[in-house]
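Trainee: could you look at this predicted model? Sequence included:
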Amino acid sequence: MEGAFLDGFLIPEATGFENWLTAERDAWRQRGVQALSRHGAAELDRGRLDAGVAFARRALALDRHSDAAVRVLMLGLALSGDRAAALDAFESFVATLADEVGTEPEAETRALAEQVRRLKVWRGKETGSERGVESRRAPLIGRERELERLLAAWAEVRATRRPGALIISGDPGAGKSRLAEELAARARLAGALTSLVRLVPGDEAVPWAGLAALAGAGLGEAPGLAGASPEALAGIAARAPQWLERFPGVRGASPLAPSPAFSEVLRAVSEERPVLLVADDAEYLDADSLHALAALARDLPAAPVGVVLTVPAHPGSGELDRFRARVGRDVPGATLALAPLGAAELLELCRWAFPGYPPDQLDRVARRVGADSAGYPLSAVELIHAVHSGTAEAWPTPHRTYQDTPPGPVSGAFVAAVRVNFRTLAEPEQMILRAAALLGDRVPAATLGRAVGLDGPALDAALDDLEWKRWLVVEPRGYGFLSRMYRQTVATELTPDGQRRRILDAAKGAPAS
């Protein structure tokens, strides 16, 4: 939509026509704002953040006072990682309303701004300058339908105030964790309480380990917990001791069993706002916690609680398989199976990464990325970063055929790409990654610092940078690799024996991981 309705059209001395034209222009302008805002929101729901932001800016160009348009703009910028720009858009909107119409933003707009303010800020990364492949945060290309289905299922949980389960399955590197993170980020910005944990093989053998992790990753800070009984709080505190620090008065209470305690706590919290629980790598959920999560639909028939589980394409666990089979039938929700990216999607990903490449060069890179990654997003993005880091000469050149430079095995290509990208990191960051690879699935920051001789701001800055660059992820129990494929490569291919011994020796006496 460009220009006003009948822009430039004039009938001299036709006052009635001018009045009609003014009213029509305003009506069509408002329709345009609504259409652009809705379309921008739909683009965000497909994971197309740049397109959503562009539509929001067009809507605001038509109406500087549109709350709906500025919310789409703020949400798109926040999801892109540019928290500062999202808050700048809000402050500019506040000033415009105050100066031009003497009003304030709607409550929903103010609430979104408050959620944006609470987002984590990585040191030195809130400049908005990192775009494209430099940011290492690729868009959700090829996962638009899956994201829309997840958002629709989560919207139904909120609208019906009934529990729902969302199962995301796929092979390693298919993008399960990224989709779960994206849903959690949107839920958090919409005001939901989110608790996201990444399970590791050791959790499977510990009764109630999954429940305790979820309780410690966000539920313990919910204001609504005041509505839970002391017995329920004591039941959770028996498995998540950090709860005793917030609720010391429950020490003398008779604790409920973990499953009913968990249900009561969720009921109390969800009366205030929706709750989204995310268990990444849920094949490592202990049986007790899995049963408790599966029972929420029965135990909480009127609570807006969503449960997201990411699982392998073929879990191999009888209990997990049975629960997945129930989702969409007697358990409300949706199941998604992630397939590898196709040729068109890989070409779009390369176009995002290399906007200056001519079509023939983009086609060559995309075809080689597809051959060496088998279409799995994690490998594809890592290979693209390797090309960007200066290894493009190893790829087919304009005068050579694909037969002349055949792709290597997926594992070999991935290891080579990780090796290249690892070497772009600063030395302290490389050492932290080596320590994280050697010391356990999940390592506290203090343990990593002791192992590599860092502490204070220097350690915090390095960990933040590794989290921003999507090497590591963090939860209350410690730091771990985004993918086990990364950990294995760093541990076996990028850590010399001498450094291995020094890291393990330095870590002795540190808190256990």
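Mentor: Okay, I see it.

Trainee: only C-alpha atoms for contact and neighbour calcs from this point on.
Mentor: Fine.

Trainee: give me the neighbour count for Val275.
Mentor: For Val275, the count of nearby residues is 29 (other Cα atoms under 10 Å).

Trainee: same question for the one 3 residues further on.
Mentor: Around Val278 there are 25 other residues, counting by other Cα under 10 Å.

Trainee: cool, and Pro358?
Mentor: By the measure other Cα under 10 Å, the count of residues near Pro358 is 10.

Trainee: contacts only, for the closest residue in space to Arg188 that isn't next to it in sequence.
Mentor: Distance criterion Cα to Cα, 6 or more residues apart in numbering; nearest residue to Arg188, sequence neighbours excluded, is Thr194 at 6.2 Å. Applying Cα atoms under 8 Å, 6 or more residues apart in numbering, one finds that Thr194 lies in contact with 184, 187-188, 218-219, 275-278.

Trainee: just those now: which is nearest Arg368?
Mentor: For these, the residue nearest Arg368 by Cα to Cα is Ala184; the value is 32.9 Å.

Trainee: quick one: the closest one and Pro274 touch, right?
Mentor: No - between Ala184 and Pro274 there is no contact under Cα atoms under 8 Å: 11.7 Å.

Trainee: between these two, tell me which one has more neighbours.
Mentor: Neighbour totals were compared for Ala184 and Pro274, and Pro274 leads with 26 against 21 (other Cα under 10 Å).

Trainee: wait, isn't that one in contact with Ala190?
Mentor: No - between Pro274 and Ala190 there is no contact under Cα under 8 Å: 9.5 Å.

Trainee: what are the bridge partners for the residue nearest to Arg188, then?
Mentor: Applying DSSP bridges to Thr194 gives these bridge partners: Leu276.

Trainee: need the worst-confidence member of the contacts of Thr194.
Mentor: pLDDT across the contacts of Thr194 is lowest for Gly218, at 80.

Trainee: next, count neighbours for it.
Mentor: That count, for Gly218 with other Cα under 10 Å as the rule, works out to 18.

Trainee: and it, what are its phi and psi?
Mentor: Main-chain torsions, Gly218, degrees, to the nearest 10: phi 160, psi -30.

Trainee: so what's it up against?
Mentor: 193-196.

Trainee: before we move on, what about Ala507?
Mentor: By Cα under 8 Å, 6+ apart, the residues touching Ala507 are 447-448, 450-451.

Trainee: for the stretch 301-450 of the chain, just list every one of the helices.
Mentor: For the stretch 301-450 of the chain, the helices defined by DSSP state H, counting those that start in this stretch occupy 318-326, 343-353, 359-373, 377-386, 410-422, 427-439, 445-452.

Trainee: got the angle for the last one vs helix 427-439?
Mentor: To tie it back to what came earlier, the one meant is helix 445-452. For helix 445-452 against helix 427-439, the angle by axes from the mean of the first three to the mean of the last three Cα atoms, to 10 degrees is 110 degrees.

Trainee: and the third one, by the same measure?
Mentor: With the same axes, to 10 degrees defining the directions, helix 359-373 sits at 30 degrees from helix 427-439.

Trainee: helices or strands up against helix 359-373?
Mentor: The contact analysis (3 or more Cα pairs under 8 Å, 6 or more residues apart in numbering; DSSP states H and E) places helix 359-373 against helix 343-353, helix 377-386, helix 410-422.

Trainee: can you count the residues close to the residue nearest to Val369 when sequence neighbours are not counted?
Mentor: In this structure, Val369 finds its nearest non-sequential neighbour in Ala380, 5.9 Å apart by Cα to Cα, 6+ apart. Residues within reach of Ala380, counting by other Cα under 10 Å, total 28.

Trainee: show me what contacts Ala380?
Mentor: Listed by Cα under 8 Å, 6+ apart, the contact partners of Ala380 are 346, 369-370, 372-373.

Trainee: check which helix or strand Val278 maps to.
Mentor: Using DSSP states H and E, Val278 sits within strand 275-280.

Trainee: what's in contact with that strand?
Mentor: 177, 180, 184, 187, 192-199, 210, 214, 266, 269, 304-311.

Trainee: now, which of the residues you listed lie within strands?
Mentor: Among these, the residues falling in strands (DSSP state E) are 193-198, 305-311.
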